[in-house]
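Asks: Give me a 3D structure for the following:
(2 chains)
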Amino acid sequence: MSAHSHHDTTPGSAVAAGAVDPHVLEHEIASIFPLFTSFGTGLFLLGCAANWNSIAWGKGAIVLGLVVMIAAMTGWWTELVRDNKLDETTLIGTPEAARKGLHVGFGFFIGSEVMFFAAFFAYYFYARAIAPTWPPENFHLPWAPALINTALLVTSGFFYMIGEHRVANHQPKGITLFWMSLALVFGFVFLGIQVIEWADLMHEGFTITDGAIGTSFYLLTGFHGLHVIIGAIFITVVTFRIAFNHFTPTKHFAMTAAGWYWHFVDVVWIGLVVVLYLYDYFRDMVGWSKPVAHAMSQFLV
Amino acid sequence: MQVENTHAATNVPHHHDGHHGHERHWLLSWLMTTDHKRIGIMYLWTSFIFFLIGGAMTFVIRAQLMSHQNTLVSPDFYNQMMTMHATVMIFLAIIPAITGFGNLALPLHLGARDVAFPRLNALGFWLVPAGGLVVCSSFFLGGASENGWTAYPPLASNQYSPGLGVDLWIFGLHLLGTSSITGGLNFIVTIFNMRAPGLTLHKMSLFSWSWLVTSWLQVIATPVLAGAITMLLFDRNLGTSFFRPENGGDPILFQHLFWFYSHPAVYIMILPVFGIVSQVVPAFSKKRIFGYLPIAYSSVAIGFFGLLVWAHHMFATGLSPWFLTIFMLITMAIAVPTGIKIFSWIATMWGGIVDFTTPMLFCIGFIAFFTIGGLSGIMQSAIPFDIQVSGTYFIVAHIHYVLFAGSVMGLYAGLYYWLPKMSGRMYSERLGQAHFWLTTIFMNFAFFPMHYLGLQGMPRRVAYYAPQFEQVNYWISISVFILGTAQLLVIANLIYTLKWGKKVENDPWNHHPDTRTFEWEISSPPPHYNFETLPVVR
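Replies: Now for the predicted structure:
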């Protein structure tokens, strides 16, 4: 058959492949939570805008929006866990096919997150290319907390991998939970150190309003920190699900996804440390950096 | 004959409610649905409502422009109207409409029972009305954004645009952008993962191909817009200096990031429409599509190069000439894959038995008049010419030839093509053709003279203009009023269809077997599970 004709629809080409139980055809995956998630988020954002513009009901809208959002997300996740337990063929296919789709989909989701960070990194490179001096005179970010945090996050990712390996090999869950908790604790210590670093810098008078360096530092570390928080919530859920025996060696997509997310957060952090902290220390040792920076500034301006 | 040839769903018992076994109030069943066809229909209704709202704004705009120093509305309100007209039409009318058709037809074309992530799909839909409400609520909270849909700083900074308008515009776009990303994700996985057995990529419909490219663009480019408007939001409210030159930032950066999304966005708005045309033209020429693979891969080329041309929106910003020259050349190169499509559609009609029904008429109108927009696009891709017409009505003429003569006409082709499939009833061909002719004639009366106005130097986005342009503007306004009113024929036709339309069988268009996609082999409207047994392609 020619590749150019779409579908061979001659009679008899349909065989019994893909035939499923009639009750699967009758069942619709229905959920009210997408609606509530959307309007809850809308209300929350409306409240933020109102609050920033000193409108009295802004705070109320923020609180109400958050309540609706959290309730809807909880409901949604509960439905997902329930479906996962049922583990049955639905309109979107067998559980195996659905899991394969989740893997691909989560990969693209992380891809979209990479593009979101790319916008902020683009800003950073742009700002330093057009700056007369970078970093500003007598300005140095303390590198010690950054390096400690790198070690924490990488180690946490490693612990997570141990946990995942144990789930995949059906090893006793007590020790798995230990490694998972350790991964989680390291994530929280990372956040704690980040908060202390911010507090110290602000105490010294370095804030988000301090020009391009303040903007890049607080926004890059802030958005990264936000993703660490999301990752930590995800890992918390996964840890509880391990405790409740939700996963089997072949069926633990949530664990895989949380792991991918955690490693992604890790990689972004390493990129961030390299450009924000380390690059300026080693800049003078690298002969090509000045001509490259010069060429970039010519290119942009 | 097609009816006898069908293999899917012929032996399926018919369900009166068509979606599920247990009873649920009809309203709740719509609010909770994850059926891709129902979600598609909700997308289409939402986008049509916003299309009418955005259209109503043009009435205000054109009424103001009927005389050169009209005092009908204040300049502030005029600016709100022109900003929100573009925002509503792009983000709340055209993009939801293409997503609506994607939802309706894509799983059917792939031989799937639903999209890969049905709940996420519902989220993607509900984010549209939520985002629309957030954007439009600004009218009641001190006035909408007045910055144009591009929201360039420093005009969009809190210094020059204080108040809620821009903040709500940004938050609304966050919601709509999230909808776009989730939709794109869903369609990519649906295409990669849920094709019927034997339906290889090189056998799937060209509509599916167009969505494959579009969904990649949505996932890659939309987060960058989210980043850009987040930076703007923080500059406005948190004192950051992303786009503030006095503090080490640069407003030009906003343009880079904004157009990194917003240029691909025009392909997001046109590629699925190319896909619709690639289905409808062969269907009504009773002939296999000419150049299947070239059309499929020209979409890939358009998507790829589309990500690399954003700075052609910035020719007048004083960037270095060699940087802009690269963008000029890549932009011109995009004419090649687009031309491949245009010639392939014409070659498909050539020698075919062309059936001039409403969807086919809209396709022919699309091919003819979208090409005018494409050609003025090539003109603008030349830097010296573009610098002359930047910020004039020439740009307005171009964008309306690609988005109205292009996207909207192609979407109407899709609407009339799939309406019998969605509703199970045939629309009124007479009303449909009246709609086509009024739209085509008055669209050209409305937008073609704008080329002339632009070349004569009339600036866009201003409530007043030089007196010598008054006569042309007057007649443009009259044409727009007729064009806008003619769109009400769609509502009339929908009412006719749902109330009196003739019931249709599986394939009311009698597709040639080479052009018949799976949706025409199942009942109209399809059962909620689409296929009792999945179709198999050999």
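Asks: Show me what from the stretch 201-350 of chain B comes close to chain A.
Replies: Counting by CB under 8 Å from any CB of the partner chain, the stretch 201-350 of chain B comes close to chain A at B:202-205, B:219-224, B:226-228, B:231, B:234, B:237-242, B:247-250, B:252-253, B:256-257, B:288-289, B:292-293, B:319-320, B:323. Glycine gets a C-beta too; all of them are placed from N, C-alpha and C.
Asks: brain fart, the stretch 401-538 of chain B
Replies: B:513-518, B:521, B:527-529, B:531-538.
Asks: Mind giving me the PyMOL select for those, buried ones only?
Replies: Selection of the buried residues among these in PyMOL, burial being defined by 16 or more other CB atoms under 10 Å in any protein chain shown:
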select buried, chain B and resi 514+515+516+517+518+521+527+528+529+531+532+533+534+535+536+537
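Asks: for the chain, what are the low-confidence residue spans?
Replies: I went with chain A, as the question did not name one. Scanning chain A with the threshold set as pLDDT under 70 gives A:1-20, A:283-294, A:296-301.
Asks: right idea, wrong chain: chain B
Replies: In chain B, residues with pLDDT under 70: B:1-22.
Asks: Could you check how far the top helix by length along it is from the centre of its chain?
Replies: Longest helix of chain B, by residue count under DSSP state H: helix B:251-285. Chain-centre distance of helix B:251-285: 7 Å, with CA atoms, centre = their mean, to the nearest Å.
Asks: so which residue of the stretch 201-350 of chain B comes closest to chain A?
Replies: residue B:227 (2.6 Å; CB to the nearest CB).
Asks: What is the neighbour count of that residue?
Replies: Per other CB atoms under 10 Å in any protein chain shown, the neighbour tally for residue B:227 reads 26.
Asks: That one reaches residue A:120, doesn't it?
Replies: Yes - the pair residue B:227 and residue A:120 passes the contact test of CB atoms under 8 Å, sitting 5.9 Å apart.
Asks: so which strand or helix has the residue nearest to residue B:402 when sequence neighbours are not counted?
Replies: When the adjacent residues along the chain are set aside, residue B:402 lies closest to residue B:373, with 3.7 Å between them (CB to CB, 6 or more residues apart in numbering or on different chains). Residue B:373 belongs to helix B:358-381 when assigned by DSSP states H and E.
Asks: tell me which residues in that helix are buried?
Replies: By neighbour count on 16+ other CB under 10 Å, the buried set for helix B:358-381 is B:358-367, B:369-374, B:376-377, B:380-381.
Asks: surely residue B:532 meets residue A:21?
Replies: No - look at residue B:532 against residue A:21 with CB under 8 Å: they stay out of range, at 11.2 Å.
Asks: who are the neighbours in contact with the residue of the stretch 201-350 of chain B closest to chain A?
Replies: A:115-116, A:118-120, A:123, B:257 (CB atoms under 8 Å, 6 or more residues apart in numbering or on different chains).
Asks: So it versus residue A:220, what's the distance?
Replies: 11 Å (CB to CB, to the nearest Å).
Asks: do the same with residue B:309
Replies: According to CB to CB, residue B:309 stands 28 Å off from residue A:220.
Asks: Check residue B:313 too.
Replies: Distance from residue B:313 to residue A:220, by CB to CB: 27 Å.
Asks: now residue B:372
Replies: From residue B:372 to residue A:220 the distance is 45 Å (CB to CB).
Asks: Also residue B:167?
Replies: Taking CB to CB, one finds residue B:167 at 23 Å from residue A:220.
Asks: Which one of the two is surrounded by more residues?
Replies: Between residue B:167 and residue A:220, counted using other CB under 10 Å, residue B:167 has the larger neighbour count: 28 against 21.
Asks: Not including adjacent chain positions, what is the nearest residue to that one?
Replies: Residue B:167 sits nearest to residue A:49 (CB to CB, 6+ apart), 4.0 Å away.
Asks: Now residue B:425: phi and psi?
Replies: phi -130, psi 150 (degrees, to the nearest 10).
Asks: Help me confirm that it comes into contact with residue B:498.
Replies: Yes - counting by CB under 8 Å, residue B:425 touches residue B:498, with 6.7 Å between them.
Asks: Give the residue from the two that has the larger number of neighbours.
Replies: residue B:425 (19 against 13).
Asks: ok, the longest helix along chain A near chain B or not?
Replies: Counting residues, the longest helix found in chain A (DSSP H) is helix A:95-130. Yes - judged by CB under 8 Å from any CB, helix A:95-130 comes into contact with chain B at A:97-98, A:100-102, A:104-105, A:108-109, A:111-113, A:115-116, A:118-120, A:122-123, A:126-127, A:130.
Asks: of those, buried ones?
Replies: Using 16+ other CB under 10 Å, the buried ones in those are A:98, A:100-102, A:104-105, A:108-109, A:111-113, A:115-116, A:118-120, A:122-123, A:126-127, A:130.
Asks: gap between residue B:139 and residue A:74?
Replies: Taking CB to CB, one finds residue B:139 at 34 Å from residue A:74.
Asks: Tell me where the stretch 401-538 of chain B has helices.
Replies: Here the stretch 401-538 of chain B has its helices, by DSSP state H, counting those that start in this stretch, at B:409-423, B:429-455, B:470-486, B:488-500.
Asks: out of those helices, nearest to residue B:329?
Replies: Nearest to residue B:329, of all the helices of the stretch 401-538 of chain B, is helix B:429-455, at 23.8 Å by CB to CB.
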